[in-house]
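Participant: after the sequence you'll find the predicted model.
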Amino acid sequence: MSVVLLIDGYNVIAPVAPPGRGASRRWLDVERQRLLDRLVEHLDENVRLRTCVVFDAKDAPTHLASQYLYQGIDVRFAVDYPEADDLLEEIIAQHAAPKTLSVVSSDHRIATSARRRRAGCFDSDTWLDLLLDGRPPLIKVPKSKKRASAAAPELAGSPPTDAHNDGADPIDVQVESMISDDLLENLLGKLK
């Protein structure tokens with residue numbers, strides 16, 4: 001299975017300021033773990049099992065491998081790369097179906113890389129807020145162009161519980177409920 005959700009880990013937790021004097025030196029470990037736990041709690045299992053979170057290797061914990069699974073989430077530290085952005089760009093560039101990929105990063109370089117491959121890209125702060133509200137946005141990928149023009153887009157939450165999905169792969173059901181970055185901006189613009 002290919003990745004459908006790619007997250008720039010430290011970019012998502014960046015708004016959390018380092019603690020003042022006397023605080024634990026492990027604050028970054030705590031914030032990193034908090035992000036992973038939030039993903040486990042709020043992502044649908046089908047998406048969670050196809051999620052990759054990338055962190056810079058500079059602050060990688062010594063007791064963990066450079067790549068491991070946490071509750072089905074592929075967690076990577078960019079050990080062989082100058083920074084996480086380089087690994088993120090490589091994953092985006094090598095993705096077999098980038099139109100099915102949602103990238104979460106506020107980094108302009110990563111957003112440009114994602115858009116160049118026509119992947120969806122979401123601002124970290126906005127995406128995290130929506131995740132915590134139980135509505136993490138992902139891109140919508142219609143099965144056919146005919147169906148795309150007929151169906152109204154919606155934000156992804158949990159996949160629809162459709163009793164007549166004829167044994168469809170649950171991730172296909174989830175992907176059908178995703179929305180593009182451009183469409184999200186358009187919809188949000190109409191709300192203003």
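Facilitator: Alright, I've got the coordinates.

Participant: just name the shakiest helix or strand of the protein by mean pLDDT.
Facilitator: Lowest mean confidence among the helices and strands of the chain (mean pLDDT, DSSP states H and E): helix 145-150, at a mean of 39.

Participant: so where's the protein uncertain?
Facilitator: 1, 15-25, 140-192 (pLDDT under 70).

Participant: pull the number of nearby residues for residue 69.
Facilitator: The tally of other residues near residue 69 (other C-beta atoms under 10 Å) stands at 10. Quick note: C-beta positions are derived from backbone N, CA and C, even for glycine.

Participant: to clarify, my last question referred to residue 80.
Facilitator: 9.

Participant: got it, and residue 55?
Facilitator: Counted with other C-beta under 10 Å, residue 55 comes out at 25.

Participant: contacts only, for it.
Facilitator: Contacts for residue 55 (C-beta atoms under 8 Å, 6 or more residues apart in numbering) come out as 9, 10, 32, 75, 76, 77, 78, 84.

Participant: and the furthest pair within these?
Facilitator: Across those, the longest distance by C-beta to C-beta is 13.5 Å; it joins 32 and 78.

Participant: run through who's touching the helix ranked longest in the chain.
Facilitator: If you go by DSSP state H, the chain has its longest helix at helix 27-42. Contact with helix 27-42 is made by 7, 9-10, 12-13, 16, 18-19, 24, 48, 51, 53, 55, 59, 61, 70-71, 73, 75, 128, 131-132, 134, 136, as judged by C-beta under 8 Å, 6+ apart.

Participant: could you measure from residue 37 over to residue 131?
Facilitator: 12 Å (C-beta to C-beta, to the nearest Å).

Participant: dihedrals phi and psi, residue 103?
Facilitator: Main-chain torsions, residue 103, degrees, to the nearest 10: phi -110, psi 130.

Participant: got it, and residue 122?
Facilitator: According to degrees, to the nearest 10, residue 122 has phi -130, psi 140.
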